[in-house]
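>>> Here is a sequence with its predicted model. Questions after.
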Amino acid sequence: MQMQSPSTVSSPQSNWSELNPDPSPAALTQMLEQMQAQNQQIQAQLHQLQAQLNAQKSAGRSRPVPAQPPSDYSSYVRLGFRALKWLFLFLVGFSIACVVSASLRAPEVVATLTSLMSLLLAPMVVLTLCIIIGCAILESLR
């Protein structure tokens, strides 16, 4: 069972193989005329699709971009919240990695993660607290 494509456009190679081994000028002319007719059909379809697209754009059927709600917080406070969020994400990620490593019975990985945590946690907490304190001071001066 052969599936036929919905378009009736045949390829030039199939027309070429149907010709005699020594193509005559009349056969070549006929093939060129067929190719020109196919090209005109394709161009007409293209113009039709472009017209449909332009009609959809002018009708306003495109999906509107949702607007961001205005934030009542200043950029300093948003920076403080963002720093706190990333600190918590860091802690949650390390906690998940430790739990997975412990459940897979990989004590070397757990030891490495806890040593990394002890090295990185203190500076990150200090940096986050400095950012939050700076935000509080700047907001109180406003």
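Ah, there it is.
>>> For Cys135, the count of nearby residues, please.
21 (other C-beta atoms under 10 Å). In this view, the C-beta of every residue, glycine as well, is placed from N, C-alpha and C.
>>> Quick check: it vs Phe81, distance?
According to C-beta to C-beta, to the nearest Å, Cys135 stands 9 Å off from Phe81.
>>> what does Met117 give?
23 Å.
>>> Leaving out chain neighbours, which residue sits closest to Leu91?
Leaving aside its chain neighbours, Leu91 sits nearest to Leu121 (7.8 Å; criterion: C-beta to C-beta, 6 or more residues apart in numbering).
>>> again with Ser71
Using C-beta to C-beta, 6+ apart, the closest residue to Ser71 is Arg78 (6.8 Å).
>>> Report whether the expected contact of the one you found with Lys85 is present.
No. Using C-beta atoms under 8 Å, Arg78 is not in contact with Lys85, being 10.2 Å away.
>>> what's downstream of the helix or strand bottoming out on mean pLDDT in the chain, the next helix or strand?
Within the chain, no helix or strand scores below helix 12-18, which has a mean of 55 by mean pLDDT, DSSP states H and E. Counting by DSSP states H and E, the next helix or strand C-terminal to helix 12-18 is helix 25-59.
>>> so what does that following helix touch, helix or strand wise?
Other helices and strands packing on helix 25-59, by 3 or more C-beta pairs under 8 Å, 6 or more residues apart in numbering; DSSP states H and E, are helix 12-18.
>>> Show me the chain divided up by domain.
25-58, 75-141 (automatic domain parsing).
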